[in-house]
Structure formats: C-alpha cells, structure tokens
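Engineer: After the sequence you'll find the predicted model.
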Amino acid sequence: MGAYYDEIEIEDMAWDDVKNVYHYPCPCGDRFEISRKQLADCEDIATCPSCSLVIRVVYDPLDFEDEPPDDEESASEESEDDEEQEDDDDDDADQFEDALEKLTLTESSPAVIAAVA
C-alpha cells in the first residue's frame, strides 16, 4: 500500500484504555485506530472506521514484541488448541510405541550381485 493520508509517530497518538487502541484524529471527524496487538504483529497501518483514509504509524516494533494477547477469548482459544495438539502428540507417541513393539529384525544372508562387464 503506498497511499497514506499521513505518517504519524506513535508518540503523537493517544492511548484509549476503554477500547485498548492508540488513536489519532481523522479529518472526517472520527479517529484512526490501531491496537497494541497489531503493532506487535508489525502492522503499521491505522484505519479510520468511518472513511477510507489510513495512516502509517511510525514506531519501533521491538517495543511491542513481548505484547500479551489483547483479549481473553484469543488466549482461551489458544489454550484449547494447545490441549488438542497435546492430545495429538500423545496419540502419535502411542502409535510409535506400538510400531516399535511389532518391529522384528531378522538377519538375512547378504545378497550376491554379479557384475557383467
């Protein structure tokens, strides 16, 4: 995307504790918004919910790399996914152990290969 309304430094934006977003006034009367999660994901485009204008947010991504999840729903979904993954891992381990128990090794005589010149 190359057409930004403006480039704004994060220090010039205001933090909204209620909506958990940084915001900056938009010429349409609404405000551009970007969340800490978006910044942690290296997204630097703040959008206005009322019009098509966007701004580029200038910030240091390292300031947001240790950002915890924004909402509890995504955290609970991730923990459910982790539990399912652990169950799948247990099934894989059981299958591997079963395969090892059924494995038999036998010695066979070496095959003789004749080379014709």
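Structural biologist: Yep, that arrived.
Engineer: What are the boundaries of the strands in this protein?
Structural biologist: Applying DSSP state E to the chain gives strands spanning 6-9, 14-16, 21-25, 31-35, 45-47, 54-58.
Engineer: Of those strands, give the one that comes closest to Thr104.
Structural biologist: When the strands of the chain are compared by CB to CB, strand 31-35 sits nearest Thr104, at 58.1 Å. Placement of C-beta: from N, CA and C, glycine included.
Engineer: what mean pLDDT does that closest one have?
Structural biologist: The pLDDT scores in strand 31-35 average 93.
Engineer: So Arg36 versus Cys42, what's the distance?
Structural biologist: Counting by CB to CB, to the nearest Å, the gap from Arg36 to Cys42 is 12 Å.
Engineer: For those two, indicate the residue with more neighbours.
Structural biologist: Arg36 (16 against 10; other CB atoms under 10 Å).
Engineer: right, and that one touches Asp63 too?
Structural biologist: No. Arg36 is beyond contact range of Asp63, at 9.6 Å (criterion: CB atoms under 8 Å).
Engineer: list the contacts for the closest residue to Cys28 other than its chain neighbours?
Structural biologist: Closest residue in space to Cys28, ignoring its immediate chain neighbours: Cys51 at 4.3 Å, by CB to CB, 6 or more residues apart in numbering. Shown in contact with Cys51 (CB atoms under 8 Å, 6 or more residues apart in numbering): 26, 28, 30.
Engineer: Next, Cys51: phi, psi?
Structural biologist: Main-chain torsions, Cys51, degrees, to the nearest 10: phi -140, psi -170.
Engineer: which one of the strands of the chain is the most hemmed in?
Structural biologist: Greatest average neighbour count among these goes to strand 31-35 (a mean of 21), per mean count of other CB atoms under 10 Å.
Engineer: Sounds good, over and out.
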